[in-house]
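Visitor: Dropping a prediction and its sequence here:
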Amino acid sequence: MNAYEKIGRKLQQAREEVGLSQEELAKKIGCTQASLSNYELGKRRLYLADLQRIGQIMGKPIAYFLEDAEGEAPVREDLKSLLKDPYIREILLAIRDLNSAQRKSVLDFILWQKSGAR
């Protein structure tokens with residue numbers, strides 16, 4: 001099971017714990033029921049800012065979604081330390097207001113910066 005599937009499984013578990021249908025939660029987070037289903041199946045990637053917003057809606061901390069049943073993070077261990085960086089937090093908060101194409105452009109820019117291109 002990959003990291004996205006583990007996060008999706010936790011998302012479904014949290015949704016069921018609060019008694020929401022996929023359609024109800026999708027409406028609250030501003031996506032379609034089909035998109036939410038793909039998130040829960042791990043077929044579609046959730047951005048951390050979106051995951052944080054979903055957690056707020058359901059009363060769950062973001063760490064809830066990043067840990068598997070044994071309490072181990074399915075994503076890179078240094079994620080928690082990254083989230084301590086104020087620039088990373090600001091980027092995540094800003095990016096949640098962008099659409100998918102805009103997020104892709106941001107990612108492309110970051111990868112370009114990382115490659116050393118100037």
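Guide: Alright, I've got the coordinates.

Visitor: Let me see the mean pLDDT of the helix or strand that contains Trp112.
Guide: Assigned by DSSP states H and E, Trp112 belongs to helix 100-114. Averaged across helix 100-114, the pLDDT comes to 86.

Visitor: next one: stretch 67-82
Guide: 59.

Visitor: and that stretch, how far apart are its ends?
Guide: 16 Å (Cα to Cα, to the nearest Å).

Visitor: where's the closest residue to Gly42 other than its chain neighbours relative to Gly19, distance?
Guide: When the adjacent residues along the chain are set aside, Gly42 lies closest to Glu5, with 3.1 Å between them (Cβ to Cβ, 6 or more residues apart in numbering). Glycine gets a C-beta too; all of them are placed from N, C-alpha and C. According to Cβ to Cβ, to the nearest Å, Glu5 stands 23 Å off from Gly19.

Visitor: More neighbours: those two, which one.
Guide: Glu5 (14 against 7; other Cβ atoms under 10 Å).

Visitor: For the more buried one, which three-state class applies?
Guide: helix (DSSP: H, G, I helix; E, B strand; the rest coil).

Visitor: pLDDT wise, what is it at?
Guide: For Glu5, the predicted pLDDT is 89.

Visitor: Relative to Asn38, how far out is it?
Guide: Distance from Glu5 to Asn38, by Cβ to Cβ: 11 Å.

Visitor: if we can go back for a sec, what are the contacting residues of the helix holding Trp112?
Guide: The contact list for helix 100-114 (Cβ atoms under 8 Å, 6 or more residues apart in numbering) reads 47, 95, 98.
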